[in-house]
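S.K.: coords please:
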Amino acid sequence: MALALAIACQRTPAASPPTASRSERAPEPRAEPSDDRAIEQAFATHRSGVWIEASGTVERVLSEDRSGSPHQRFIVRLRDGHTVLVAHNVDLAPHVPVARGSRVRFRGMYEWNEHGGTMHWTHHDPHDASAGGWIELEGRQYR
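M.R.: Sure thing, here's the model as predicted:
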C-alpha cells in the first residue's frame, strides 16, 4: 500500500501557483545582441575609431558637456564589469531619459582612453555617409 501511495504521489502534478494575467506579467527578457568583448579588445589594444554595438547598465549620469556641441554623458557598465563613457551629441539626436540603473543598448564609435574608453557617434550621421549610431532605452531608439 505504501508503494501504491508513493507511485500515486509521483504521478500527481504539484499545484502550480496562480499565474498573472498577460498585462500583469513582467516583460520577457529578450536576447540583446552585444559585442562587449569588442570593447574589451579595443581597450586592451588601445584601438580607436571602432564601430561597436553593446549593452549595459547605466552606472552614473554625469553633467552635460557644454563645450562645443552639447553632449549628454553617462557611464555604462557592461556585463563583464568594464565601464565606458557614452557621450551623446544632443545637437544631432534627442536627449535620452536615462537614470542610474537603466538598461541601454548602443551603437557608436569607440575611442580609447585609460579610463575605459568613450562611445561617440551614438546618433545618425548628418552627412549620410554611414549608418551612424543610436542608443536604445526601453525599446525606443534615440538617433
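
S.K.: what's the closest non-adjacent residue to residue 106?
M.R.: Closest residue to residue 106 apart from its sequence neighbours, by Cβ to Cβ, 6 or more residues apart in numbering: residue 135 at 4.7 Å. The way it works is simple: take the backbone N, C-alpha and C, and place the C-beta from them, glycine included.

S.K.: Next, find the distance separating that neighbour from residue 44.
M.R.: Using Cβ to Cβ, to the nearest Å, we find residue 135 at a distance of 24 Å from residue 44.

S.K.: Likewise for residue 131?
M.R.: 26 Å.

S.K.: ok, residue 125 - contacts?
M.R.: 131, 132 (Cβ atoms under 8 Å, 6 or more residues apart in numbering).

S.K.: for it, helix, strand, or coil?
M.R.: Recorded secondary structure, residue 125: coil (DSSP: H, G, I helix; E, B strand; the rest coil).

S.K.: where do the helices sit along this protein?
M.R.: Ranges of helices in the chain, per DSSP state H, are 2-11, 36-44.

S.K.: Compare residue 135 and residue 44 and say which is more crowded by neighbours.
M.R.: residue 135 (25 against 9; other Cβ atoms under 10 Å).

S.K.: and that one, what pLDDT?
M.R.: Residue 135 carries a pLDDT score of 98 in this model.

S.K.: Same check on residue 125?
M.R.: Residue-level confidence at residue 125 comes out at 85, pLDDT.

S.K.: Ramachandran coordinates for it?
M.R.: With angles defined as degrees, to the nearest 10, residue 125 sits at phi -90, psi 110.

S.K.: picking up where we left off before, least reliable of the helices of the chain going by mean pLDDT?
M.R.: Mean pLDDT is lowest for helix 2-11 among these, at a mean of 35.

S.K.: Scan the chain for its longest strand.
M.R.: strand 50-61 (DSSP state E).
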